[in-house]
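A.B. asks: Any chance you could fold what I've pasted below:
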Amino acid sequence: GWNNNATVNGKILSAVGYFSLDPIAQEQVLFFNGALAQAYGYTDLYQKVYDKEWTLDAMLGMMKEATQDKDGDTSTLSFEDQFGLSYDRWGCRAFLYGCGMQLASYKNDTINFQLTSQKNIGIFESVYSFLKESNAAYDTDGDRYGEKGSQALFTGGRALFYACPIEAADVIRGKVGNYGVLPMPLLNSDQEDYITSLLGTTTCSIFKTCPNIDRAASILEALCIISYRDVVPKYYEDCLKFEYQNDPEVAGMLDFIRSRVNVDFMFINDAHFR
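C.D. replies: Alright, predicted model coming up:
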């Protein structure tokens, strides 16, 4: 039915919105271990987000406090110890985008590259220092699902925070139980708003040669409305086991995170720049 309705004058008009779960499942977020957060007195994390106090420095303070030598070897921290943050290269990128890094912009048919802008350099240096300070972070170099990967550390109860796509809740819910989710932190209190990046992208497009662009736009809008009302709550409830419809606090934070999704133009088109 969707294919038939998307066909005008023999042409398929591409229209993909929340009709696809990818923009929801691939949102980069921070999970937190509820038991550890409570043990260290971090019971107001959601409020910190709303008050714009959820910054790199605020998170780093919590990470340092939660980092402990658990195996008793008093040497370099290893997988058997407890960390403030568990992440891999994709999580690292999510911190950069969350702090406002923008590689390229597209306006009036013109691409503007900002690869080495002073703003980007400052963000990179701040995030690098944040991730490397005091061994408060555990880096798996992209092997998220390995035996000693970032996910295994978090589900083993030895990481306060875990940077990953929100779809990881499907695994986390069965192993951690008490957990929550937060947006990526602000660079500092001067940053205008939070930014949620995607691990992958799904484009929403209507062909430029479309003979009936209004009809195609109506189809896209209808798909988004229906999916937002029906698909999104079911996805959170049935697949991720978030109490989306029964817990206003959780629903509010999930909506907050999703409403701030931003995709860098260069990321969408990265294949053309290699």
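A.B. asks: all contacts plus neighbour counts: C-alpha atoms, from now on.
C.D. replies: Will do.
A.B. asks: where does this protein have low pLDDT?
C.D. replies: Within the chain, the segments meeting pLDDT under 70 span 1-8, 11-20, 74-75, 109, 200-208, 265, 267-274.
A.B. asks: which stretches of it form helices?
C.D. replies: Using DSSP state H, the helices of the chain run over 2-5, 22-25, 34-39, 45-50, 56-66, 89-98, 118-132, 150-155, 169-175, 213-226, 232-234, 248-258, 265-268.
A.B. asks: Can you say which of those is nearest to Asp193?
C.D. replies: Nearest of the helices of the chain to Asp193, taken as CA to CA: helix 89-98 at 9.3 Å.
A.B. asks: For the closest one, C-alpha coordinates in CSV please.
C.D. replies: Output for helix 89-98, consisting of C-alpha atoms alone and laid out as CSV, is shown next (Å, rounded to 0.1, in the frame of the first residue of the first chain):
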residue,chain,number,x,y,z
ARG,A,89,35.2,5.2,18.9
TRP,A,90,31.6,5.8,18.0
GLY,A,91,30.8,7.0,21.5
CYS,A,92,33.8,9.3,21.2
ARG,A,93,32.4,10.8,18.1
ALA,A,94,29.1,11.2,19.8
PHE,A,95,30.7,13.4,22.5
LEU,A,96,32.3,15.5,19.8
TYR,A,97,29.0,16.1,17.9
GLY,A,98,27.2,16.5,21.3
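A.B. asks: Check the offset of that helix from the chain's centre.
C.D. replies: Counting by CA atoms, centre = their mean, to the nearest Å, helix 89-98 is centred 8 Å from the centre of its parent chain.
A.B. asks: In JSON lines, list the helices of the chain along with distance to Gln191 and mean neighbour count.
C.D. replies: Shown next, in JSON lines, are those (distance: least, CA to CA, whole Å; neighbours: other CA atoms under 10 Å):
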{"stretch": "helix 2-5", "distance to Gln191": "41", "mean neighbour count": "10"}
{"stretch": "helix 22-25", "distance to Gln191": "24", "mean neighbour count": "18"}
{"stretch": "helix 34-39", "distance to Gln191": "25", "mean neighbour count": "16"}
{"stretch": "helix 45-50", "distance to Gln191": "13", "mean neighbour count": "16"}
{"stretch": "helix 56-66", "distance to Gln191": "11", "mean neighbour count": "18"}
{"stretch": "helix 89-98", "distance to Gln191": "10", "mean neighbour count": "24"}
{"stretch": "helix 118-132", "distance to Gln191": "11", "mean neighbour count": "15"}
{"stretch": "helix 150-155", "distance to Gln191": "28", "mean neighbour count": "24"}
{"stretch": "helix 169-175", "distance to Gln191": "28", "mean neighbour count": "16"}
{"stretch": "helix 213-226", "distance to Gln191": "29", "mean neighbour count": "16"}
{"stretch": "helix 232-234", "distance to Gln191": "29", "mean neighbour count": "17"}
{"stretch": "helix 248-258", "distance to Gln191": "16", "mean neighbour count": "16"}
{"stretch": "helix 265-268", "distance to Gln191": "20", "mean neighbour count": "16"}
